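[1] generate a structure from the sequence data that follows.
(one chain, ligands or ions: 2)
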Amino acid sequence: MSPVGPAFALEKASVVRGGRVIWSHGDLSVPLGDVVIVIGPNGSGKTTLLQALMGLVPLSGGHIEVFGEPPRRGNPRIGYVPQNYTATVGDAVRERDLVAFGVAGDRWGLGRLRPAERARIDAALVAVGAVALAGRRMSSLSGGQQQRAAIAQALVGEPDLLLLDEPLANLDVRNQHEIVSLLGALRRDREVTIVVVAHDLNPLLPVLSSAIYLMDGHPHYDHIGEVVDETLLTHLYGTPVKVVRSAQGDLFTRSG
Ligand SMILES: Nc1ncnc2c1ncn2[C@@H]1O[C@H](COP(=O)(O)OP(=O)(O)O)[C@@H](O)[C@H]1O
Ligand SMILES: [Mg+2]
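    Ligands and ions are numbered 1, 2, ... in the order given. Reported below is the predicted structural model:
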């Protein structure tokens, strides 16, 4: 694979969980620098795909390569924000401590951090615009601020691939917009490939370059302009979807 090859690629990839094929015939290649959405019905295996990229779920067939290598647990080139992550964080945890987990793992306590690690934590807080909130308890932050803290934690390792599982869930429209703007800024300021699982394409459309859609048990990849298609989305979601083009050239989709 060439040094400028894809961020990750699937070749005839399939996953079986609990004796059931979750998806199969995964053949796709995601270029470096993409902001790619992963869409598909509940249970279609979106989270499973992220887990496979991280080496947390084995393939039952085929291959995956991440930066030209097989997936492996603890790959430092990957940053990950799990689904519903912030809901699992204890009330008393301060934002800076949460971000520090990104370098320290279970090594609790900022006192033991090396200067370079502290600098990376500070840089991650700056990147998500959360410096002023760093001393606050997570429970005192809004949903959007909590999600930014979780993203900062994933950025501490300066990943080349950022995996976000439903980062817009449970956020109001304003907070959704803030997170989407943040993803756009990360894409511009860091050479990071971003994979974001989401139910709704609309809020993410301004920053997306492509989509992986899990349809009929198979992962497919295409440019976002090809995926925002009435026939495709109607089939994917199993409910009528309308695609509307505004005068500004924006695309958006809506249940019809
Ligand atoms: N640890 C597990 N063991 C067995 N089956 C699982 C496990 N985790 C998820 N599954 C099953 O795999 C399927 C895909 O799950 P998931 O990847 O979480 O879907 P999505 O994120 O698209 O909602 C679901 O049917 C789910 O029940
Ligand atoms: Mg999921």
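[2] need phi/psi at residue 27.
    For residue 27, the backbone dihedrals (degrees, to the nearest 10) come out as phi -130, psi 100.
[3] now do the contacts for residue 46.
    38, 39, 40, 165, 197, 214 (CB atoms under 8 Å, 6 or more residues apart in numbering). Heads up, the C-betas are built off the backbone N, CA and C, glycines and all.
[4] which ones, among the residues you listed, also lie beside ligand 1?
    When contact is defined as CB under 6 Å from any ligand atom, the contacts of residue 46 meet ligand 1 at residue 40.
[5] which one is residue 146 nearest to, not counting chain neighbours?
    residue 86 (4.1 Å; CB to CB, 6 or more residues apart in numbering).
[6] can I assume residue 76 sits in a helix?
    No - checked against DSSP: H, G, I helix; E, B strand; the rest coil, residue 76 lies outside a helix; its state is coil.
[7] quick one: buried residues of the worst-scoring helix or strand of the chain on mean pLDDT?
    Using mean pLDDT, DSSP states H and E, the weakest-scoring helix or strand in the chain turns out to be strand 251-255, at a mean of 73. Going by neighbour count (16 or more other CB atoms under 10 Å), the buried part of strand 251-255 is 251, 253.
[8] elements contacting that strand?
    On a contact count with 3 or more CB pairs under 8 Å, 6 or more residues apart in numbering; DSSP states H and E, strand 251-255 meets strand 241-245.
[9] buried residues, the strand it packs on. List them.
    Buried-residue list, strand 241-245, by 16+ other CB under 10 Å: 241, 243.
[10] that one pairs with which strands?
    strand 251-255 (antiparallel) (DSSP bridges).
[11] any idea how far the strand it pairs with is from the chain center?
    22 Å (CA atoms, centre = their mean, to the nearest Å).
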